[in-house]
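Novice: Pasting the sequence and the predicted coordinates here, then a few questions.
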Amino acid sequence: MKNSILGLLACFSFSFAGVLEQTGAKIVEEKDLGDISQIVIQFPDGRKEVGYITKDNKYLIIGNVIDAKTGENITAKKYRELDKVDVSKVPLDEAVKLKFGKGTKKLIMVADPDCPFCKKAYQYLKNKDVEVYLFLFPLNIHPQAYDKSVKILCSKDPAKAYDKVESGNQLQVSKCKEGEDKLKRHILIANKLGVRGTPLFIDMQGHKINGLNIPELEEALK
């Protein structure tokens, strides 16, 4: 949970409405939950955060709100909804297509070729019935990942090249301008998807799965 709202309140001694006015933030959604109202606050940079206000408008609550009857994390559910991606706007034709089994299910994946969890994710997906739309996103902490990504995209068969790299083999491919240009597009697409680390998965409904979360991946591939 981000602490931006809490930080704002710590900096100002006047009303919550005054805080919103000072920062340019605004309430863009409000939902009546009974004893409290769930609000979504949008900041000038486009960031959205979730909070709760009591019926008398006396208290602003920041943190996870749990439904005592069902145990559902209402706050986490709302953030998941806010973080959804409009898959129709993702240029899937730019992706490296990896097909396993009949490719019945579809999944977007953002990966760094030297990310250990990406390698584990790849091995996991190879045993599933799924078509993966792969976008390469080399991280600065892996100094060889950029060159490997370019070489994969310069290969005649990028899917086979990616398999070779993730299997621990060397690519006998030279870097090319076309591959560098395509990698720039991959990175731009990944940034627009809001990638914060690798691997990142997105199902066809637009729900994100951050990291190698096997239970969530199993659910997405049902």
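Specialist: Nice, thanks for sending it over.
Novice: Which positions in stretch 186-199 come out as buried?
Specialist: For stretch 186-199, the neighbour count (16 or more other C-beta atoms under 10 Å) marks His186, Ile187, Ile189, Ala190, Leu193, Val195, Thr198, Pro199 as buried. Placement of C-beta: from N, CA and C, glycine included.
Novice: Now it: average pLDDT?
Specialist: For stretch 186-199, mean pLDDT is 94.
Novice: that's a helix at Gln170, yeah?
Specialist: No - secondary structure of Gln170 (DSSP: H, G, I helix; E, B strand; the rest coil): coil, not part of a helix.
Novice: On the pLDDT front, check the spatially closest residue to it that is not a sequence neighbour for me.
Specialist: With C-beta to C-beta, 6 or more residues apart in numbering as the measure, Lys164 is the residue that lies nearest to Gln170, at 8.0 Å, once sequence neighbours are left out. Lys164 carries a pLDDT score of 96 in this model.
Novice: and Lys164, how far is that from Glu30?
Specialist: 52 Å (C-beta to C-beta, to the nearest Å).
Novice: Do I have it right that the residue nearest to Gln170 meets Leu171?
Specialist: Yes - taking C-beta atoms under 8 Å as the definition, Lys164 is a contact partner of Leu171 at 6.1 Å.
Novice: Quick check: which ranges of the protein have low pLDDT?
Specialist: 1-19 (pLDDT under 70).
Novice: can you pull out the strands in it?
Specialist: Along the chain, the stretches classed as strands by DSSP state E are 26-32, 36-42, 48-54, 60-61, 96-100, 105-111, 130-136, 200-203, 208-210.
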